[in-house]
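Visitor: Below is the sequence, then the predicted model.
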Amino acid sequence: LRLSGSESDVAYYLMRDGSQVSFRDGTGGELTFVVGTAGTYEIYGELAIGRTCIQYMNGNPTLTVNPLPTVTIGSNTPLCVGETLNLTATGGTSYSWTGPNGFTSNLQNPSIANVTTAMAGTYSVLVVDGNSCERTINTTVAINVNPVVTLNSAEACAGENITLTPVVSNGVEPYTYKWFKDGVEILTETGSSLSFAALTLADAGVYSVEVRDNNGCSATIATATLAVNPNPTINPITLSTDPGNAICAGETITLSTLGAGGTGALTYNWSPIAASGSVLTISNATVAQSGIYSVYVSDTKGCRSATVTREIVVNAVPVAQIVTSPTGICLGTSGTFVAATDASYTNYEFFVNGTSRQSGLSSSFDYTPVLAEVGNVTIRLVVTNGSGCTDETELTIPVYNSPAATFTTSLPAEVCINDSKNILVTLTTGSITPSWSFIYNDGSGDLPPVSVTGVNSYSLSVSPLSTTTYTLVSVTDGNGCQSALNIPLTVTVNP
């Protein structure tokens with residue numbers, strides 16, 4: 001309320017409904033009174049000195065003061081980025097909204113779709129009622145950021161262990177998780193990762209995760225593909241000596257298998273000896289190469305089969321050796337062949353010209369040749385040990401025919417007393433090298449052997465005093481072979 005003029009030394013009182021509510025001392029100019037309550041107002045003045053001469057002013061105003069509108073304001077705060085902000089206000093007939101990011105609206109209950117963090121802050125509304133009274137009131141809106149989640153696709157082999165772990169940023173921890181496979185929620189999985197032990201082909205699929213933070217804000221669902229590759233298979237190892245024959249040092253061992261399935265070309269992984277294919281060949285095997293051999297196959301995806309194994313025992317080979325043998329054998333006699341022995345040897349077999357003549361535990365072989373074997377014969381020894389491994393050796397020796405000779409003289413086989421007669425001994429069969437010999441009997445008994453060198457005949461000069469029968473008892477050739485001949489020759493003595 002304004003009083004257009006005043007006098008000094010006069011006090012001016014503002015009365016409402018007969019009661020004083022305010023006063024001002026006069027200044028000689030305009031006076032202003034502030035009122036806020038409805039009622040009838042009057043102003044009177046009195047001298048400031050002694051407070052006398054009270055005089056009510058002419059034209060007392062009647063002022064009706066209406067109450068401010070009763071305003072309520074609200075929102076659906078707090079919000080997450082991307083949601084819709086709903087502002088509400090009541091208590092007036094018109095509304096004027098202002099807010100962050102240049103927001104204005106004359107709607108009573110405006111909405112803002114797809115909010116961002118730039119839209120957070122204080123929103124004000126000016127409310128005007130039917131009395132044209134207005135009131136401004138504020139509300140604060142909080143807009144929380146959404147968490148951001150990424151989930152990487154994965155690829156693994158059946159039987160492996162794998163974990164899908166999303167990477168989460170923004171938002172307010174702690175987070176909650178929902179997992180989905182092929183669009184269907186996995187109700188039993190609510191953790192921050194999804195783990196698989198011993199993957200199966202049925203585990204393959206499209207996996208999604210929904211992450212919500214402590215403000216209730218959720219990220220865009222992240223999706224990844226889990227590919228489960230089948231493992232190749234492999235057959236048991238077969239051995240070239242199956243079914244279970246002994247493996248002997250020096251032999252060639254062939255281990256083989258076959259892989260199938262998987263993805264792409266298969267690679268064979270042998271141990272402890274490497275090989276590039278389905279077959280592992282060990283040439284000239286040694287005892288030291290005994291052991292357990294294993295192999296698995298892997299495919300182009302890195303998936304592998306089970307490992308199959310096979311134990312290999314390489315047995316030592318005996319050493320066949322003939323330690324005693326004749327240098328030659330005369331027909332009608334025998335020779336002894338003796339093999340080297342060892343406690344591990346279980347059989348000694350002797351062959352003559354490829355025909356087995358003796359087999360057993362005896363390491364000694366007595367050989368008596370027959371006429372058909374005259375010449376060079378091959379004696380072969382095959383030795384077998386307790387592992388069934390064998391070794392052999394052979395040697396060639398001559399078999400000599402029995403020597404033969406003739407015992408002759410010129411005819412007639414007569415001689416005059418005191419004359420001499422030549423008897424010729426000729427070696428017809430047998431060797432004259434280095435020398436040969438014979439024994440004859442002159443009727444009185446066997447005479448000492450006669451040795452002949454370089455020729456195959458020898459002439460005996462005899463001078464019997466009476467008719468005498470001479471006998472070629474035996475002959476021994478250059479090979480030492482002897483034949484008992486007992487060839488008689490009678491020389492008649494004439495008087």
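Guide: Nice, thanks for sending it over.
Visitor: Check what pLDDT residue 289 gets.
Guide: Looking at residue 289, its pLDDT stands at 94.
Visitor: for residue 7, same thing?
Guide: 84.
Visitor: Over to residue 22?
Guide: For residue 22, the predicted pLDDT is 85.
Visitor: so it touches residue 3, yeah?
Guide: No. Counting by CB atoms under 8 Å, residue 22 sits too far from residue 3 to count as a contact (11.5 Å). (Each C-beta comes from the backbone N, C-alpha and C, glycine too.)
Visitor: between these two, what contacts are shared?
Guide: Applying CB atoms under 8 Å, 6 or more residues apart in numbering, one finds that residue 22 and residue 3 are jointly contacted by residue 33.
Visitor: residues near the nearest residue to residue 150 once chain neighbours are set aside, how many?
Guide: Once flanking residues are discounted, residue 150 sits nearest to residue 167: 4.9 Å by CB to CB, 6 or more residues apart in numbering. The tally of other residues near residue 167 (other CB atoms under 10 Å) stands at 10.
Visitor: and if you look at residue 476?
Guide: Residue 476 has 20 neighbouring residues, counting by other CB under 10 Å.
Visitor: do the same with the one 3 residues further on
Guide: Using other CB under 10 Å, residue 479 is surrounded by 19 other residues.
Visitor: Next: the one 3 residues further on.
Guide: Applying other CB under 10 Å, we find 19 residues neighbouring residue 482.
Visitor: Over to residue 413?
Guide: 15.
Visitor: could you measure residue 203 against residue 196, distance?
Guide: 6 Å (CB to CB, to the nearest Å).
Visitor: which residues are common contacts for these two?
Guide: residue 226.
Visitor: thinking again about what came up before, quick check: the residue nearest to residue 150 vs residue 443, distance?
Guide: Taken as CB to CB, the span from residue 167 to residue 443 is 130 Å.
Visitor: cool, residue 301 as well?
Guide: 109 Å.
Visitor: Among the two, which residue is more densely surrounded?
Guide: residue 301 (17 against 14).
Visitor: give the contact list for the nearest residue to residue 267 once chain neighbours are set aside.
Guide: In space, and not counting its chain neighbours, residue 267 is closest to residue 298: 5.1 Å by CB to CB, 6+ apart. Contact analysis of residue 298 by CB under 8 Å, 6+ apart lists 232, 262, 266-267, 269, 304-305.
Visitor: can you list the weak-confidence ranges in the stretch 301-450 of the chain?
Guide: Applying pLDDT under 70 to the stretch 301-450 of the chain flags no residue at all.
Visitor: Quick check: phi and psi at the nearest residue to residue 7 once chain neighbours are set aside.
Guide: Excluding the flanking residues, the one nearest residue 7 by CB to CB, 6+ apart is residue 26, at 4.7 Å. Main-chain torsions, residue 26, degrees, to the nearest 10: phi -60, psi 150.
Visitor: Specify the local secondary structure of the closest residue in space to residue 229 that isn't next to it in sequence.
Guide: Among residues not flanking residue 229 along the chain, residue 301 sits closest, at 4.5 Å (CB to CB, 6+ apart). Of the three states, residue 301 takes coil under DSSP: H, G, I helix; E, B strand; the rest coil.
Visitor: Tell me which residues touch residue 301, please.
Guide: Applying CB under 8 Å, 6+ apart, the residues contacting residue 301 are 155, 157, 229, 262-264.
Visitor: 10 Å instead, please
Guide: 155-157, 227, 229-232, 262-264 (CB atoms under 10 Å, 6 or more residues apart in numbering).
Visitor: roughly how far apart are it and residue 233?
Guide: 15 Å.
Visitor: So which residues of the stretch 351-495 of the chain form helices?
Guide: Counting by DSSP state H, counting those that start in this stretch, no segments of the stretch 351-495 of the chain form helices.
Visitor: give me the beta-bridge partners of the residue nearest the centre of the chain?
Guide: With distances taken as CA atoms, centre = their mean, residue 304 lies nearest the centre of the chain, 6.1 Å away. Residue 304 has the following beta-bridge partners by DSSP bridges: residue 298.
Visitor: go on, residue 73?
Guide: residue 89.
Visitor: can you list the weak-confidence ranges in the stretch 1-150 of the chain?
Guide: Applying pLDDT under 70 to the stretch 1-150 of the chain flags the ranges 48-64.
Visitor: list the buried ones in stretch 145-155?
Guide: For stretch 145-155, burial by neighbour count (16 or more other CB atoms under 10 Å) applies to 145-147, 149, 151, 154.
Visitor: cool, and stretch 236-252?
Guide: 237, 239, 247-249, 251.
Visitor: which strand is the longest one in this protein?
Guide: strand 482-494 (DSSP state E).
Visitor: Can you spell out which helices and strands pack onto it?
Guide: Under the contact definition 3 or more CB pairs under 10 Å, 6 or more residues apart in numbering; DSSP states H and E, strand 482-494 sits against strand 404-409, strand 414-416, strand 421-429, strand 436-441, strand 457-462, strand 468-476.
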